[in-house]
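Undergrad: Coordinates only, no sequence provided:
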């Protein structure tokens, strides 16, 4: 049997690890940390618990890797905006829209965040890199807000975390409460026309808030 060269072994390991993370993300989002079983993750990936332990060390480490990956994905998307090339109001609208689009495209992220809040961020606190991953989001908004204030178009009594919280609150609600809100008010929250209107509303609200007064 022909042996794989070192570079091919590295690529194969990377693919295996990525597949395990993708499936583990689904399982943890569906069932929470307590309900998720490593056996099921192994079965879905057609691998073994031993392989999962080899790559991650155990269930808790796998869950922490899932959390890190989920936050890393949205931070990477934010950095792709190139906000510095846009006028401040357009840049902050683009950040809000991207967050909205990402949360709708990745409902598992919202479920993971909800699970972690139920556990009082118990596992999140053990992933030191997540503090560093949060920094780019604040830095991006800081830069945009600074330019807006300098140009005299943005208010100066809010900071980047305030803006990030406002955007996140709206976007999380859209996904986390789509079923209950939709039932109570008879509206399909995920219908394309509704989604596009809510996306536009978010941008309008954030820009109006920052430019008022």
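TA: That came through, no problem. Just so it is clear, the model here is predicted, and its values are computed rather than measured.

Undergrad: Can you pull the poorly scored residue ranges out of the chain?
TA: Applying pLDDT under 70 to the chain flags residues 1-11, 133-136, 213.

Undergrad: Regarding it, what is its longest helix?
TA: helix 6-35 (DSSP state H).

Undergrad: who touches stretch 18-36?
TA: For stretch 18-36, the surrounding residues in contact (C-beta atoms under 8 Å, 6 or more residues apart in numbering) are 37, 40-41, 44-45, 47, 51-52, 55-56, 59, 62-63, 65-66, 69-70, 107-109, 111-112, 115, 118-119, 123. From N, CA and C alone the C-beta is placed, and that goes for glycine too.

Undergrad: Equivalent analysis for stretch 178-185, please.
TA: Residues outside stretch 178-185 that contact it (C-beta under 8 Å, 6+ apart): 173, 187, 188, 189, 190.

Undergrad: Of all the residues in that stretch, which ones are buried?
TA: residue 178 (16 or more other C-beta atoms under 10 Å).

Undergrad: same question, stretch 82-95
TA: 83, 86, 88, 89, 91, 92, 93, 94, 95.

Undergrad: Would you reformat these as a markdown table and include secondary structure?
TA: A markdown table is the format used below for the buried residues of stretch 82-95 (DSSP: H, G, I helix; E, B strand; the rest coil):
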| residue | secondary structure |
| --- | --- |
| 83 | helix |
| 86 | coil |
| 88 | helix |
| 89 | helix |
| 91 | helix |
| 92 | helix |
| 93 | helix |
| 94 | helix |
| 95 | helix |
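
Undergrad: among the contacts of stretch 18-36, which ones are buried?
TA: Buried members of those, counted by 16+ other C-beta under 10 Å: 40-41, 45, 47, 52, 56, 59, 62-63, 65-66, 69-70, 108-109, 111-112, 115, 123.

Undergrad: need the contact list for residue 106.
TA: 70, 73, 74.

Undergrad: hang on, the earlier thing: now rank the contacts of stretch 178-185 by neighbours and give me the top one.
TA: With neighbours taken as other C-beta atoms under 10 Å, the top of the contacts of stretch 178-185 is residue 189, carrying 19 neighbours.

Undergrad: Give me the distance between the nearest residue to that one once chain neighbours are set aside and residue 110.
TA: In space, residue 189 comes closest to residue 178 once its chain neighbours are excluded; the distance is 4.1 Å by C-beta to C-beta, 6 or more residues apart in numbering. Shown here: residue 178 relative to residue 110, a distance of 10 Å by C-beta to C-beta, to the nearest Å.

Undergrad: One more: residue 132?
TA: For residue 132, the distance to residue 110 - C-beta to C-beta - is 22 Å.

Undergrad: One more: residue 33?
TA: The gap separating residue 33 from residue 110 is 15 Å, by C-beta to C-beta.

Undergrad: What of residue 155?
TA: On the measure of C-beta to C-beta, residue 155 and residue 110 end up 29 Å apart.

Undergrad: cool, and residue 183?
TA: Distance from residue 183 to residue 110, by C-beta to C-beta: 18 Å.

Undergrad: do the same with residue 166
TA: Applying C-beta to C-beta to residue 166 and residue 110 gives a distance of 16 Å.
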